[in-house]
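K.L.:
Predicted model and sequence follow; I will ask about them next.
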Amino acid sequence: MLVMQSPRGTVDILPNEQIYWRYIENVVRQFASQYSYDQISTPTFESTELFSRSVGQFTDIVKKETYSFDDRGGHSLTLRPEGTASVCRSYLQHGMHNQPQPVRLFYIMPMYRYERPQLGRYRQFHQFGIELLGDDTATVDFEVIEFATKIIAFFGLKQFKLNINSLGDKESRNLYREAILNYFSVYSNNLSEDDSRRLEENPLRILDSKDKYVKSLFAKAPNSLDYLSKASKDRWEKLLMYLRDSNIEYYVNTQLVRGLDYYTHTVFEFMPIDGGSQSTILAGGRYDGLVQELGGPSVPGIGFAMGIERIVEELKKQDMQFEKSNQVDVVICCIGGEKEIRKAVNTAYKLRNMDIKVILAPMSKSIKGQMRYAGNLSSPYVVILGSEEIKKDTYILKDMIKNEQKEIKFEILANFLAKECIDNL
RNA sequence: GUGAGCGUGGCCAAGUUGGUUAAGGCGCCAGGUUGUGGCCCUGGAGAUCGAGGGUUCAAAUCCCUUCGCUCACCCCA
């Protein structure tokens, strides 16, 4: 039946879905503008090395989820699995560290991850994200979190709660990693395959485990906040203070660790209270070592990414009313032959010059078929042209809602339509 | 990558102890007298039952393979 279909994990965004996308994009752009973020777009593919150096070559994302290939020149390229690394690369490449700091950027771009598809999880998906580079004070941690909070609230996603945690700087993070490793190693014989693997490769990830036994161990497990250096602890407390001052609701979740290696200090995530699996809708954090890791100066950064497909899913649940964006004003129907059609074509041309949204009904159909077509488009008006009208140089204007029609001259028709359709511009 | 469920015309779907032309609804198209939509009536197009192979006299219904979707893991936005 279907000889060709879109590759696994990819979807067509059909006309009736576009409305959600346009809406989200508009909202997001408005927020970006309010917070003074400028848009950046980076290439769909980058040198593979960019991601292994930033995201981390031992993370699952890089290890088993990238779309990588060699180009004809033998360079290994990778479809970007996330946006932060690319933005940092661009920041460096174009010397944005020489601009007044911090630099605020946002993006809306497709991302690629080779994963098993599920609802809300695709191989090509889209993210809106912001990055703030060149300021390491807690004030911008607050700003970024505030931005995220406002956007989530704007979309009416009340069931999503802000979870935050601090991983500390590199040193604190390493100390903590050590502590986790020691603590769980004691129980290593009882760990599942997945969990022992995690413990070996990326100990912090074990805090994400859904295993009941492992979860029971969390209670007495080392707490990341206890391993923060003085400076880390200080910024963490400031951030919480700022949040409290603004009455931004947050939940300190010391089990919150992220899957990308570059995160330091603040990490946060919007998760639903009754968490399903593909349920995180927005997540981010600070990445102070990243730019340097890419060969640049030591530039701190913080940002977040929001999954647009996941927002769309949520909006669909809300039963939102959108205006039909492509509503035509007038459909022109013909009764007769070439002469009538010729005049109809020219009439459409003249009305379009006045910015009226007008289309011809399909001329191969009978008048009944043409009217049905106009009805299906819920066109508020129909103009009918027949031999009688040609003779008198008049037009029949039918109001499809009131079910009334009158025969008028072009001037009157044009003036009327111009007036009626003015708010559709 | 692991485990489970599902896959019938554009959409929603009946039908599975294997057996004549694979229901129905929506949508689409055309008519219901000569130049007009929406309601109603009538008719029509459209499915090699996801694909490939096998078992059988006979399969949408059984078996195998494969593709896709969904769910739980893994992971993550």
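P.N.:
The structure has been received and is ready for your questions.
K.L.:
Show me the strands in the stretch 51-200 of chain A, by range?
P.N.:
Along the stretch 51-200 of chain A, the segments classed as strands by DSSP state E, counting those that start in this stretch run A:67-70, A:76-79, A:103-112, A:124-133, A:160-166.
K.L.:
Dump these into TSV; add distance to A:I396 as well.
P.N.:
Placement of C-beta: from N, CA and C, glycine included. Converted to TSV, those look like this (distance: least, C-beta to C-beta, whole Å):
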stretch	distance to A:I396
strand A:67-70	58
strand A:76-79	56
strand A:103-112	46
strand A:124-133	47
strand A:160-166	54
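K.L.:
Next, format the ones you listed as a markdown table and append mean neighbour count.
P.N.:
Converted to a markdown table, the strands of the stretch 51-200 of chain A look like this (neighbours: other C-beta atoms under 10 Å):
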| stretch | mean neighbour count |
| --- | --- |
| strand A:67-70 | 13 |
| strand A:76-79 | 18 |
| strand A:103-112 | 21 |
| strand A:124-133 | 23 |
| strand A:160-166 | 22 |
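K.L.:
Hmm, A:R22 is touching A:L315, no?
P.N.:
No: if you go by C-beta atoms under 8 Å, A:R22 and A:L315 don't touch, sitting 11.6 Å apart.
K.L.:
Around RNA strand B, pick out the residues from the stretch 51-200 of chain A.
P.N.:
Selection of the stretch 51-200 of chain A residues close to RNA strand B by C-beta under 7 Å from any atom of the strand yields A:59-61, A:65, A:82, A:113, A:115-122, A:125, A:127, A:194, A:198.
K.L.:
So for stretch A:22-40, what gets flagged as buried?
P.N.:
Buried residues in stretch A:22-40, counted by 16 or more other C-beta atoms under 10 Å: A:Y23, A:I24, A:V28, A:F31, A:A32, A:Y35, A:Y37, A:I40.
K.L.:
List every C-alpha atom in that stretch, with coordinates, as PDB.
P.N.:
Output of stretch A:22-40 as PDB, limited to C-alpha atoms (Å, rounded to 0.1, in the frame of the first residue of the first chain):
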ATOM      1  CA  ARG A  22       3.000  29.000  14.600                       C
ATOM      2  CA  TYR A  23       1.400  29.800  17.900                       C
ATOM      3  CA  ILE A  24       4.300  28.400  19.900                       C
ATOM      4  CA  GLU A  25       6.800  30.100  17.700                       C
ATOM      5  CA  ASN A  26       5.100  33.400  18.100                       C
ATOM      6  CA  VAL A  27       4.900  33.200  21.800                       C
ATOM      7  CA  VAL A  28       8.500  32.100  22.100                       C
ATOM      8  CA  ARG A  29       9.700  35.000  19.900                       C
ATOM      9  CA  GLN A  30       7.800  37.500  22.000                       C
ATOM     10  CA  PHE A  31       9.400  36.200  25.200                       C
ATOM     11  CA  ALA A  32      12.800  36.200  23.600                       C
ATOM     12  CA  SER A  33      12.300  39.800  22.500                       C
ATOM     13  CA  GLN A  34      11.100  40.800  26.000                       C
ATOM     14  CA  TYR A  35      14.200  39.300  27.600                       C
ATOM     15  CA  SER A  36      16.400  40.700  24.900                       C
ATOM     16  CA  TYR A  37      17.600  37.500  23.300                       C
ATOM     17  CA  ASP A  38      18.600  37.500  19.600                       C
ATOM     18  CA  GLN A  39      18.100  34.600  17.300                       C
ATOM     19  CA  ILE A  40      20.900  32.400  16.000                       C
END
